[in-house]
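> quick check, what structure comes out for this input:
(chains A and B)
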Amino acid sequence: MGAARDLTKINLDLNSSRPEMPSMDAPIPTAESATPAGENTAEFSHISNAIDDRLVRIYKISGKIFFCLAALIAATVLIGWIIDSQTLKTFLVGSSSFKTNAAIATLMECIALYFLYDEAAPRSYRIAGKICALVSFFIGFYTLLEHLIAGIPSIDQLLFSESFMVFPPANRMPPNPAFAHTLIGLALFFLDYEKRHRRHPSPSQYLILAASLVPLFSFAGYLYGLEVFYFFSLTLHATIALLFICAATMFSRPARGFMILFSSQSFGGDIARKLLIVAVLVPLILGKLRLMGEHAGFYETEAGVTLAALFNIIILAVVVWRTAFSLHLMDIERRNLVEEVGRHAQALANANKELEAFSYSVSHDLRAPLRSIDGFSKKIMSGYQARLDDQGKDYLNRVRAGAQKMGKLIDDMLSLSRVSRSKMIDALVDMSVEAKRIIEDLKESDPARKVNFVVADGLRAHADPDLVRILLQNLFSNAWKFTSKKDDPIIEFGSIKNQNQEVFFVRDTGAGFDMAYSDKLFNPFQRLHSDSEFEGTGIGLATVKRILYRHGGRVWAEARLGEGATFYFTFKKGD
Amino acid sequence: MAPTILLVEDNQDDEELTISSLRDARIKNKIDVVRDGAEALEYLEQRGKYEKVDTPQIILLDLKLPKINGLEILKFIRTSPMLQHLPVVIFTSSKEEKDLIEGYKLGANSYIQKPVDFDEFAKAVNDLGLYWIVLNQYPLKMDQSSEKIKATAV
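From the prediction side, this is the model:
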């Protein structure tokens, strides 16, 4: 277990509502790591938060290797049956053989795994896989029936017959591998069946765990030289093949149920991976040592058991202590972190309060002098016209224009800061309705303009209603503004589906912009047009980006200079 | 006798702009100006140097004032039996939602945000003046009726 991990390396998702803004080109996650659509995963997604993609890949590759090896074993055995080679059928140890049907069932399971391995496999693959799984299930189940019910037609010698032994019934696999194949067949058939969220172990995982008891028992038996249970014994290679299949099936879905823990780069995951090995190896090894000692005559059974018990105690005690200690250290550090977080939260709250007071002051104190500048310039203009030449009038006009521009900037800045500070509510917002309202206002502001508006119905999202209104106002007023120089422009509001997500867009056939500058688009005060072309402060899109960021979403744009622009946006993933 | 307008405003520029805009709107009433909250209270209570003033017909109230702020003055007005009926129009730079809410909660008759742009400002004052001075009706002597009430209450 070692010393406590360096906690700075661990990705503690302290502020889960503010994910990093993904880059424009970041691929939307594939089906593998996405949550099932329509499920409310908000509270429980944290369990899978620490899943390490590297570990996931390791499991998946190992799983593939395992079932390939199992297939190899099964194929070799079948060849053995074809050419009637005892070595291939019985391998090294013992006098039982790897039965034909067992080999076929194993092969079917490997093929099923091949088809079903990728979670995003096409339908035809999934069907093929399920068929193979069913075949394996059938073989196992029918063999079990043969054991239980005397006299039913036997499938054991359909392909090959065994004359080597009369007892057990020729070429019939014992009930334990039959049981294992039944369960494995079922597990593979239901591999992706999940009644509940994927954080819960799936039925197939339970089935595999149950099935794995068979090869585990057999393996231990081989280790300890168990010879008694002829009838129930599997060959060594059959045992190994079964172990490989069980492992491969579990490894095929490393982000589900039981496997989540082992795929996580977390305190628990770390410990689980190391401790499980210990938990399996220690009893096996101690048992073997004890047996070896007994057979070599060093001590009697009772002494052996006592010694083994003692060593078990010592080893377990040491393991428990070390694990507990490292957990203890991590816990202490966690508490320190929690305290620090608390302090940061407090500092943040204080800073916010200060900011609010500041904004309030700004809104008042900056406006008054602006009004003076503007007002008195106008009074000079109107009252002293005769005494001013054109130059003077021009200068005064510029003074007024400057004051007004500053007023707008103040308003926009305050609006932007309010967007960052306000408390967010979560509601189901009908954006189509809101958009239509905004459009009505726009039309009223300039009834002479002819613009073709297209708004899709039923555009809904889980978001803060006020912020969404500001978002839409900004996008629409931009579209309105930038189409002002075109005849019969179109402004469209709709959505498209991209994998699991709804992507909304506002499209216009206005002035557009040069995509070369697209990364500057959302910076505050950054403009891509001069004031003489289109007026503006450059805050609108920064506000839009800030709003979507607060929702855990993203925004990006595509445009062609002179032809128009489309602004795409999404809210939190999983909507 | 034309009723008085009370302007509660600490900023001399705003005072100048407001008064000249009212004059431009042909409002000829007497305009009295007080520059901070304490003075405003003195004026309204007709104390000290303001002993001889009349009760104003309309109060234009700025919010951000030194010493006592506008909302507190409003509160005082609305809780004082002699003054509580006075029309008070909040005339301020602030657009903050909380000022709006607080203002109406305390009983302001109207809330007008001073525009930065002077043309708009002049228009606002023009409309404001026309409405509250010319259009809006207000009893000449409020004191008479309150005397009557006092008599009957006994």
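
> now the stretch 51-200 of chain A against chain B: closest residue?
The shortest separation between the stretch 51-200 of chain A and chain B is 41.2 Å, found at residue A:197 (distances taken as Cβ to the nearest Cβ). For glycine as for every other residue, the C-beta is placed from the backbone atoms N, C-alpha and C.

> what does chain B put close to chain A?
For chain B, the residues found near chain A under the criterion Cβ under 8 Å from any Cβ of the partner chain are B:11, B:13-14, B:17, B:20, B:63-64, B:92-96, B:114-119, B:121-122.

> so which of those sit within strands?
Here DSSP state E is the test, and the residues of chain B next to chain A give residue B:92 as lying in strands.

> narrow the residues of chain B next to chain A to those that are buried.
Buried positions within those, assessed by neighbour count (16 or more other Cβ atoms under 10 Å in any protein chain shown), are B:11, B:14, B:17, B:20, B:63-64, B:92-94, B:96, B:114-118, B:121-122.

> point out where the stretch 201-350 of chain A drops to low pLDDT.
Low-confidence segments of the stretch 201-350 of chain A, defined by pLDDT under 70, are located at A:227-231.

> just the helices in it please.
For the stretch 201-350 of chain A, the helices defined by DSSP state H, counting those that start in this stretch cover A:203-223, A:236-251, A:258-262, A:267-295, A:301-365.

> show the subsequent helix or strand relative to the longest one.
Reading on from helix A:301-365 to the C-terminus, the next helix or strand found by DSSP states H and E is helix A:367-383.

> close to chain B, is the helix or strand that that following helix is followed by?
Beyond helix A:367-383 on the C-terminal side, the first helix or strand identified by DSSP H and E is helix A:390-421. Yes - when contact is scored as Cβ under 8 Å from any Cβ, part of helix A:390-421 falls within range of chain B: A:400, A:403-404, A:406-407, A:411.

> stretch A:533-547 now?
No - contact between stretch A:533-547 and chain B, assessed by Cβ under 8 Å from any Cβ, is absent, since the two come no nearer than 14.0 Å.

> distance across that stretch, terminal residue to terminal residue?
For stretch A:533-547, the first and last residues are 27 Å from each other (Cα to Cα, to the nearest Å).

> now do it: distance to the chain's middle.
The offset between the C-alpha centroid of stretch A:533-547 and the centroid of the whole chain comes to 33 Å, using Cα atoms, centre = their mean, to the nearest Å.

> and the contacts of that stretch?
Defining contact as Cβ atoms under 8 Å, 6 or more residues apart in numbering or on different chains, one finds that stretch A:533-547 is touched by A:405, A:408-409, A:412-413, A:415-416, A:419-420, A:467-468, A:470-471, A:474-475, A:477-478, A:481-482, A:484, A:511, A:521-527, A:529, A:555, A:567, A:569.

> any of those residues buried? List them.
With neighbours counted using 16+ other Cβ under 10 Å, the contacts of stretch A:533-547 contain these buried positions: A:412-413, A:416, A:419, A:467-468, A:470-471, A:474-475, A:477-478, A:481-482, A:511, A:521-522, A:524, A:527, A:555, A:567, A:569.

> so which of the residues you listed belong to strands?
The members of the buried ones among the contacts of stretch A:533-547 that map onto strands under DSSP E are A:555, A:567, A:569.

> which residue ranges of chain B form strands?
With DSSP E as the definition, chain B shows strands at residue ranges B:5-8, B:31-34, B:58-61, B:88-92, B:110-113.

> of these, flag the one that's most buried.
strand B:58-61 (a mean of 26; mean count of other Cβ atoms under 10 Å in any protein chain shown).

> for that strand, give the mean pLDDT please.
Strand B:58-61 shows a mean pLDDT of 94.

> other SSEs contacting it?
With contacts defined as 3 or more Cβ pairs under 8 Å, 6 or more residues apart in numbering or on different chains; DSSP states H and E, the packing partners of strand B:58-61 are strand B:5-8, helix B:70-79, strand B:88-92.

> buried ones in the second one, by neighbour count?
The reference is to helix B:70-79. B:70-74, B:76-77.

> quick one: mean pLDDT for it?
Predicted confidence along helix B:70-79 averages 92 (mean pLDDT).

> now swap in the first one and tell me
Across strand B:5-8, pLDDT averages out at 94.

> given that strand, what are its sheet partners and their directions?
strand B:31-34 (parallel), strand B:58-61 (parallel) (DSSP bridges).

> residue A:417: neighbour count?
Burial of residue A:417 is recorded as 17 neighbouring residues (other Cβ atoms under 10 Å in any protein chain shown).

> pretty sure it sits against residue A:359.
Yes - distance between residue A:417 and residue A:359: 5.7 Å, which falls inside the contact criterion (Cβ atoms under 8 Å).

> re earlier: among the buried ones among the residues of chain B next to chain A, which are in helices?
With helices identified by DSSP state H, the entries of these that belong to them are B:14, B:17, B:20, B:118, B:121-122.

> pull up the residues of chain A that are close to chain B.
On the criterion Cβ under 8 Å from any Cβ, chain B has as its neighbours in chain A the residues A:360, A:363-365, A:367-372, A:374-379, A:400, A:403-404, A:406-407, A:411.

> again, only this time at 6 Å
A:360, A:363-364, A:367-368, A:370-372, A:374-375, A:378, A:404, A:407 (Cβ under 6 Å from any Cβ of the partner chain).

> so what sits opposite the residue nearest the centre of chain B in the bridge?
Note on chain B: the residue nearest the mean C-alpha position is residue B:59, at 1.1 Å, using Cα atoms, centre = their mean. Under DSSP bridges, the beta-bridge partners of residue B:59 are residue B:6, residue B:88.

> relative to residue A:184, how far out is it?
Remark: distance between residue B:59 and residue A:184 (Cβ to Cβ, to the nearest Å) = 88 Å.

> pLDDT below threshold where in chain A?
A:1-46, A:88, A:91-95, A:161-169, A:227-231, A:360, A:364, A:573-575.

> tell me which residues touch residue A:302, please.
Residues touching residue A:302, when contacts are defined by Cβ atoms under 6 Å, 6 or more residues apart in numbering or on different chains, are absent altogether.

> picking that back up, which one of the residues of helix A:390-421 next to chain B is nearest residue A:65?
In terms of Cβ to Cβ, no member of the residues of helix A:390-421 next to chain B lies closer to residue A:65 than residue A:411, at 64.1 Å.

> from residue A:405, how far out is the closest one?
From residue A:411 over to residue A:405 the distance is 11 Å, taken as Cβ to Cβ.
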